[in-house]
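K.L.:
sequence and predicted model, in that order:
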Amino acid sequence: MQQPVKARRKRATPSAEEKAEAGEGRLFVEALSRGFRVLEAFSQAPRPMSLAEIASISGIDKSGVQRIVHTLVQIGYLDRQQDGVALGRKLLDRSFDYLRSNPIIQQSVPVLADLRRTIQERVDLSLFDDITMHYVVRMQSKRDTLYAHLVGRRVPTFCSSGGRSVLSHLPDDEVMDILLRSDRRRLTPRTTIEIDQILARIEEVRTSGYSLAIEEILVGEVAVAAAVLDRDARPIGAIHVAGSLAEWEPDDFVARAGPLVTAAAAGLRQF
């Protein structure tokens, strides 16, 4: 008697039409994409992982993950450790290449350093990336913890001081599109998530020129930001200044930081 064939779970292969809709097409290199999916899996678990864990997060079968991991270990982008596979230090080389090749980052450092010396608080530069702001320069204060203030961290555009300063320079339809696509969950009890309230905050920025966020990203933090614009007056990022509510009253912090951060951001409008 013929035994029934056991069904195997198989990841569906996208059709040519589906690939075209996804912006892939015949030039798309699937193997390269799978390699980056393995690297991106570590964003979900910032620690050494087993092949099974990587396969589960990336959606690639274990055999495929094994080959990709072996290749990435050989060229230095992953590192085999006693308790699993970890990201390799060679990734830092590519981060360094990006940071030194981006003109706004190069030209912002003296401006940010001067602002940091003047206000004696943390100063950041973030770049606008649709529904998130991506920190690329961070000049820390004496209070800062490491993880929350690493270069490369992303925060939501809708609730960060830098994000709302950027949104204030976009047309209303673009603002609404970003808000509707954002995952508007609370990061702290004071995170503003209602669209009507976010829009009201954006209107305030359009009047004052800078954005204020009190404990919306981190408890105990007050932050003021102003958007950095390109030559066409499109927002490309923001300069932030952040302080501690243990040392500042919000009104005093705004009075001190608002004019400074606005002037610093205006000084970078040349790209």
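P.N.:
Nice, thanks for sending it over.
K.L.:
roughly how far apart are the residue nearest in space to the middle of the chain and Ala45?
P.N.:
Centroid-nearest residue in the chain: Arg154, 2.3 Å away (criterion: CA atoms, centre = their mean). Separation of Arg154 from Ala45 (CB to CB, to the nearest Å) stands at 17 Å. (Each C-beta comes from the backbone N, C-alpha and C, glycine too.)
K.L.:
can you check Ala225 too?
P.N.:
Distance from Ala225 to Ala45, by CB to CB: 31 Å.
K.L.:
for these two, indicate the residue with more neighbours.
P.N.:
Higher neighbour count among Ala225 and Ala45: Ala225, with 32 against 13, using other CB atoms under 10 Å.
K.L.:
who's in contact with that one?
P.N.:
Going by CB atoms under 8 Å, 6 or more residues apart in numbering, Ala225 touches 160-162, 164-165, 210-211, 213, 238-241, 261.
K.L.:
dump those residues to a markdown table, plus secondary structure, neighbour count and distance to Ala41.
P.N.:
Supplementary listing: the contacts of Ala225 in a markdown table, determined by DSSP: H, G, I helix; E, B strand; the rest coil; neighbours: other CB atoms under 10 Å; distance: CB to CB, whole Å:
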| residue | secondary structure | neighbour count | distance to Ala41 |
| --- | --- | --- | --- |
| Ser160 | coil | 27 | 26 |
| Ser161 | helix | 33 | 31 |
| Gly162 | helix | 33 | 28 |
| Arg164 | helix | 28 | 31 |
| Ser165 | helix | 35 | 33 |
| Tyr210 | coil | 26 | 38 |
| Ser211 | strand | 28 | 34 |
| Ala213 | strand | 26 | 31 |
| Ala238 | strand | 28 | 30 |
| Ile239 | strand | 31 | 33 |
| His240 | strand | 32 | 30 |
| Val241 | strand | 29 | 35 |
| Val261 | helix | 28 | 37 |
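K.L.:
so Thr157 sits against Val166, correct?
P.N.:
Yes. Counting by CB atoms under 8 Å, Thr157 does reach Val166; the two are 6.6 Å apart.
K.L.:
so between those two, which is more surrounded?
P.N.:
Val166 (31 against 26).
K.L.:
all strands of the stretch 1-150 of the chain, in order?
P.N.:
Along the stretch 1-150 of the chain, the segments classed as strands by DSSP state E, counting those that start in this stretch run 78-81, 84-87, 122-129, 132-139.
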